[in-house]
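**Student:** Provide a 3D model corresponding to the input given below.
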Amino acid sequence: MSKIFAIGDIHGCHRQLIALIARLPLDRAKDTLVFLGDYINRGPDSRKVLDTLIGLQRSCCRAIFLKGNHEQALLEYNPDSDSGGLNLLRTMGIEATAESYGAPLRRLIDLTCMPPEHQQFLFDLRLNFSCDGFFFTHADFDPAPPATTTAETPRDRMQRQQAEAQLLVSRRLGREAALQPSPPWTVVFGHLPHATPLVKPDRIGIDTGAVYGNLLTAVQLPERIFYHA
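**Tutor:** Numbers count the residues shown, from 1 in each chain. As a prediction, this is how the structure comes out:
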């Protein structure tokens with residue numbers, strides 16, 4: 001029988017991506033391979049990550065690539081508007097992506113430093129995918145709002161505002177996805193890093209913070225077998 005594999009947030013961690021793919025018992029002719037978004041930013045090798053994903057797109061019959069809020073923010077950025085979008089991209093680690101292309105930031109934010117196939121890959125990303133009782137999306141539908149305190153320091157306030165800006169992008173992404181399934185669907189998502197996979201009867205979260213020194217995670221479905229690198 002064919003299997004489903006889903007892979008969490010990569011964020012430029014190419015070495016871990018290669019190691020994880022090698023560990024999966026993946027039949028490229030019939031299995032479904034779903035990537036949950038956030039391929040770029042923060043980590044050192046965003047360009048190599050996109051090269052590898054495009055290669056998998058060609059070699060796997062059923063490779064699905066979803067849009068993360070990091071890709072969404074890059075595609076939405078308008079250099080002719082106010083500076084808020086650029087500030088958001090900077091908090092999301094966009095400089096690391098520009099460095100991976102050997103280009104100044106101004107050439108990344110309009111995608112001109114990217115090969116045409118990388119640009120097309122980003123434009124073609126899907127918002128969601130459903131298969132065999134599982135609904136795949138980048139972010140869960142109701143992420144918890146950032147915590148606030150009554151005695152915020154200026155640094156606390158800045159970090160909260162940055163988190164709120166990223167949360168707005170992810171919520172907008174969820175609204176655009178439109179389909180919000182009800183039971184018996186099981187939602188599989190990334191976006192919010194956990195030390196270990198989050199497993200609930202109707203939710204599976206597999207962002208385990210690879211770019212923060214933790215592991216990159218995949219889950220095999222419907223068995224709920226986890227793989228790490």
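**Student:** which other helices and strands contact the helix or strand where Gly55 lies?
**Tutor:** Gly55 belongs to helix 46-59 when elements are defined using DSSP states H and E. Judged by 3 or more C-beta pairs under 8 Å, 6 or more residues apart in numbering; DSSP states H and E, helix 46-59 is in contact with helix 14-23, strand 62-65, helix 94-100, helix 116-123. To be clear about C-beta, it is placed using only N, CA and C from the backbone, and glycine gets the same treatment.
**Student:** give me the residues contacting that helix.
**Tutor:** 10-14, 17-18, 21, 28, 33, 35, 39-40, 43, 63, 65, 96-97, 100-101, 117-118, 121 (C-beta atoms under 8 Å, 6 or more residues apart in numbering).
**Student:** and Leu216, which of the helices and strands packed on helix 46-59 is closest to it?
**Tutor:** helix 14-23 (4.1 Å; C-beta to C-beta).
**Student:** other SSEs contacting the closest one?
**Tutor:** With contacts taken as 3+ C-beta pairs under 8 Å, 6+ apart, helix 14-23 sits against helix 46-59, strand 225-228.
**Student:** follow-up on the earlier one: what residues of the helix holding Gly55 count as buried?
**Tutor:** Buried residues in helix 46-59, counted by 16 or more other C-beta atoms under 10 Å: 46-54, 56-57.
**Student:** possible to save those as CSV with pLDDT and distance to Asp207?
**Tutor:** Shown next, in CSV, are the buried residues of helix 46-59 (pLDDT from 0 to 100; distance: C-beta to C-beta, whole Å):
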residue, pLDDT, distance to Asp207
Ser46, 98, 17
Arg47, 98, 21
Lys48, 98, 20
Val49, 98, 15
Leu50, 98, 19
Asp51, 98, 22
Thr52, 98, 19
Leu53, 98, 17
Ile54, 98, 22
Leu56, 97, 19
Gln57, 96, 21
